[in-house]
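1. just to be clear, the model below is a prediction. Sequence and coordinates:
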Amino acid sequence: MRGMTTYADPTRALVEETVRTGLMITGLLDDLLQELPDDAFPGESPVDVLLEMLSGTIRPATKAAGDEIVCELTALLGALSDRIMTDLRAAAVAARARARS
């Protein structure tokens with residue numbers, strides 16, 4: 001776990017940690033999926049198996065945090081995703097409008 005640093009902008013700290021963690025997990029899963037032999041998990045989806053393994057890895061941290069915090073974090077990450085997509089769509093509309101004029 002990273003040190004408990006106090007940030008002047010907690011939102012920026014959350015963005016950085018989310019991006020850093022997301023890239024690490026995505027890279028890890030991509031590397032593992034590419035290197036797994038086709039018969040590594042007969043009858044099972046390799047993605048599902050790896051996600052279950054990852055869940056087992058982080059379960060002690062989520063258990064220590066408690067279900068309520070984990071659910072709140074999950075909701076927050078969903079809200080972040082929604083806000084990002086909404087703003088990207090608005091930016092695309094604005095860019096198309098500028099390009100037409």
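-> Nice, I can see it. Not measured: the values here are computed from a predicted model.

2. tell me what the helix or strand containing residue 86 is packed against?
-> According to DSSP states H and E, residue 86 maps onto helix 67-100. Counting by 3 or more C-beta pairs under 8 Å, 6 or more residues apart in numbering; DSSP states H and E, the packing neighbours recorded for helix 67-100 are helix 10-35. Using the backbone N, CA and C atoms, a C-beta is placed for each residue, glycine as well.

3. for the chain, which residue is closest to the average position?
-> When C-alpha atoms, centre = their mean is applied to the chain, the residue found nearest the centroid is residue 22 (4.2 Å).

4. now do that residue against residue 43, distance only.
-> According to C-beta to C-beta, to the nearest Å, residue 22 and residue 43 sit 30 Å apart.

5. same question for residue 70.
-> Taken as C-beta to C-beta, the span from residue 70 to residue 43 is 30 Å.

6. which one's more surrounded, those two?
-> The neighbour comparison of residue 70 against residue 43 (other C-beta atoms under 10 Å) goes to residue 70, with 14 against 5.

7. OK, contacts around the more buried one?
-> Residue 70 sits next to residue 62 when contact means C-beta atoms under 8 Å, 6 or more residues apart in numbering.

8. could you report the distance from it to residue 89?
-> Residue 70 sits 29 Å away from residue 89, taking C-beta to C-beta as the criterion.

9. ok, residue 59 next?
-> The gap separating residue 59 from residue 89 is 35 Å, by C-beta to C-beta.

10. same check on residue 15?
-> 19 Å.

11. of the two, which one has the most company?
-> Between residue 15 and residue 89, counting by other C-beta under 10 Å, residue 15 is the more crowded of the two (13 against 10).

12. where does this structure dip in pLDDT?
-> Applying pLDDT under 70 to the chain flags residues 1-6.

13. domains of it?
-> The record's domain split for the chain, according to automatic domain parsing, is 1-65, 66-101.

14. off-centre distance for the longest one?
-> Looking back up the chat, that one is domain 1-65. With C-alpha atoms, centre = their mean, to the nearest Å as the basis, domain 1-65 stands 7 Å off its chain's centre.

15. since that was my last question, I'll sign off now.
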